[in-house]
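Undergrad: okay, structure incoming, though there's no sequence with it:
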């Protein structure tokens with residue numbers, strides 16, 4: 001998010017002073033690192049939690065359409081950025097990977113068919129296929145078909161238009177563009193405090209983690225894009241809009257394999273249904289990933305727990321985030337989210353053999369020696385609410401102050417996939433006096449800006465074809481890595 005905002009502001013205002021403060025010694029080494037997230041270009045093509053079944057049997061596609069519309073904005077900006085030298089070879093950060101929804105059992109197959117029918121009339125999802133034929137399933141997903149008992153019905157929704165995104169590479173390239181054009185980068189520096197001055201500007205206190213030296217920065221505007229660490233910083237800033245918000249940290253673990261005989265048999269991101277009673281973040285998926293130019297398979301997530309808000313954070317992150325304004329909401333979530341707590345306890349008790357057992361629901365032929373466990377990044381689920389009625393929010397939340405002098409990002413999925421629309425929203429809310437003059441240039445970068453593509457199929461076809469060509473995502477593309 002921060003890298004995206006920095007690049008957008010640099011494109012709009014080449015002469016503005018911009019400073020990046022990063023507590024680690026390298027860029028995008030936390031949540032954006034490819035090993036710390038699923039890399040799914042979240043466009044709602046395969047995520048079944050975005051298309052819930054209603055009590056009357058209908059399938060609600062509202063969230064899926066909304067997420068896909070946001071994804072289209074990011075996709076267009078990346079295409080523009082490649083064509084205009086902001087980003088390098090698109091194969092260095094994005095690759096075409098089919099997105100697939102997978103279910104088994106008669107009732108779930110029926111749901112998936114109704115889901116497909118509900119989405120099929122929308123231009124954004126018209127390429128999706130419903131497949132319940134055993135032979136075709138085996139042709140497309142040979143690893144998942146091997147040793148499978150097809151006496152139980154199975155079905156998939158398949159679309160060729162999905163992607164795998166290396167958000168670490170993408171972030172580093174965006175930051176590199178800004179740094180080459182005058183942005184100051186302070187790596188190994190940690191923000192310790194933020195204080196707003198009488199004129200509305202901010203004084204930011206930072207510490208060099210290598211030398212211990214302290215210094216202050218003055219800024220007219222501050223964006224806090226610190227992943228799970230954002231909540232504590234917004235609280236330190238005394239941001240009114242952040243009061244009442246809490247955070248619940250959950251770490252992720254994935255089984256991974258780079259065995260050629262496995263990666264050759266599975267080239268798709270396949271999402272299933274979460275276990276009964278489990279939260280949306282627990283949706284199991286078996287993914288093809290391209291990381292550092294090499295194909296991998298990842299399966300998960302398996303949840304872990306730590307009080308840290310960042311993978312390289314501090315064990316005091318959670319207790320230090322609890323305040324008088326969010327204490328009741330946090331306690332309420334703890335008392336009412338028994339299914340989440342039971343899920344977490346169950347996950348923490350899983351053995352290696354039980355994780356492989358879960359994988360066999362997707363790949364029945366899986367054996368232990370082919371897979372290893374990887375600990376991914378921390379996700380801090382947002383707790384929001386008032387009068388003590390806290391609610392867990394599993395989405396992405398952007399906060400901005402009333403005076404437009406500070407903004408920050410909380411939450412998780414779809415996260416990085418919708419970085420561009422999220423940061424355009426920040427720019428409109430926090431730079432209102434400039435936004436109208438920026439709009440013509442922004443529409444060059446994102447031709448559909450302000451338009452619902454689902455209602456403009458001709459425009460969608462036009463920008464989709466352009467983006468596919470610029471990002472090398474057309475149907476002739478393969479998984480050949482850059483370089």
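TA: Great, that's in hand. It should be emphasised that the depicted structure is a prediction, and the values quoted were computed from it without experimental measurement. Numbers count the residues shown, from 1 in each chain.
Undergrad: average pLDDT across stretch 286-303?
TA: The predicted model gives stretch 286-303 an average pLDDT of 93.
Undergrad: just give me the neighbour total for residue 53.
TA: Using other CB atoms under 10 Å, residue 53 has 17 other residues around it. Using the backbone N, CA and C atoms, a C-beta is placed for each residue, glycine as well.
Undergrad: specify the beta-bridge partners of it.
TA: residue 59 (DSSP bridges).
Undergrad: my guess is it contacts residue 59. True?
TA: Yes: between residue 53 and residue 59 there is a contact at 5.7 Å, judged by CB atoms under 8 Å.
Undergrad: between the two, which contacts overlap?
TA: 111, 114 (CB atoms under 8 Å, 6 or more residues apart in numbering).
Undergrad: tell me the contacts of the most centrally placed residue in the chain?
TA: Central residue of the chain (CA atoms, centre = their mean): residue 415, 3.4 Å from the mean position. Residue 415 is in contact with 31, 37, 42, 396, counting by CB under 8 Å, 6+ apart.
Undergrad: ok, 10 Å please
TA: If a contact means CB atoms under 10 Å, 6 or more residues apart in numbering, then residue 415 has 1, 31-32, 37-38, 40, 42, 167, 227, 379, 395-396, 409, 422 as its contacts.
Undergrad: ok, of those, which one's closest to residue 87?
TA: Nearest to residue 87 out of the contacts of residue 415 is residue 167 (CB to CB; 12.5 Å).
Undergrad: that closest one reaches residue 92, doesn't it?
TA: No: counting by CB atoms under 10 Å, residue 167 stays clear of residue 92, with 12.0 Å between them.
Undergrad: so the two - more neighbours on which side?
TA: Shown here are residue 167 and residue 92; by other CB under 10 Å, residue 167 has more neighbours (24 against 19).
Undergrad: can you count the residues close to the closest residue in space to residue 285 that isn't next to it in sequence?
TA: In this structure, residue 285 finds its nearest non-sequential neighbour in residue 271, 4.4 Å apart by CB to CB, 6 or more residues apart in numbering. Using other CB under 10 Å, residue 271 is surrounded by 25 other residues.
Undergrad: residue 271 against residue 98, yeah?
TA: No: look at residue 271 against residue 98 with CB under 10 Å: they stay out of range, at 11.5 Å.
Undergrad: shared neighbours, these two?
TA: Applying CB under 10 Å, 6+ apart, one finds that residue 271 and residue 98 are jointly contacted by 45-46.
Undergrad: quick one on the thing from earlier: report pLDDT for the residue nearest to residue 285.
TA: Note on residue 271: pLDDT of 97.
Undergrad: report the contact partners of it.
TA: Contacts for residue 271 (CB under 10 Å, 6+ apart) come out as 38, 40, 45-50, 99-103, 157, 283-287.
Undergrad: equivalent analysis for residue 112, please.
TA: 48, 51, 59, 101-104, 130-132, 154-157, 273.
Undergrad: ok, residue 369 next?
TA: 257, 259 are the contacts of residue 369 under CB under 10 Å, 6+ apart.
Undergrad: where does the stretch 201-350 of the chain dip in pLDDT?
TA: 276-281, 335, 338 (pLDDT under 70).
Undergrad: where do the strands sit along it?
TA: 202-208, 214-219, 222-224, 246-257, 269-271, 285-291, 294-304 (DSSP state E, counting those that start in this stretch).
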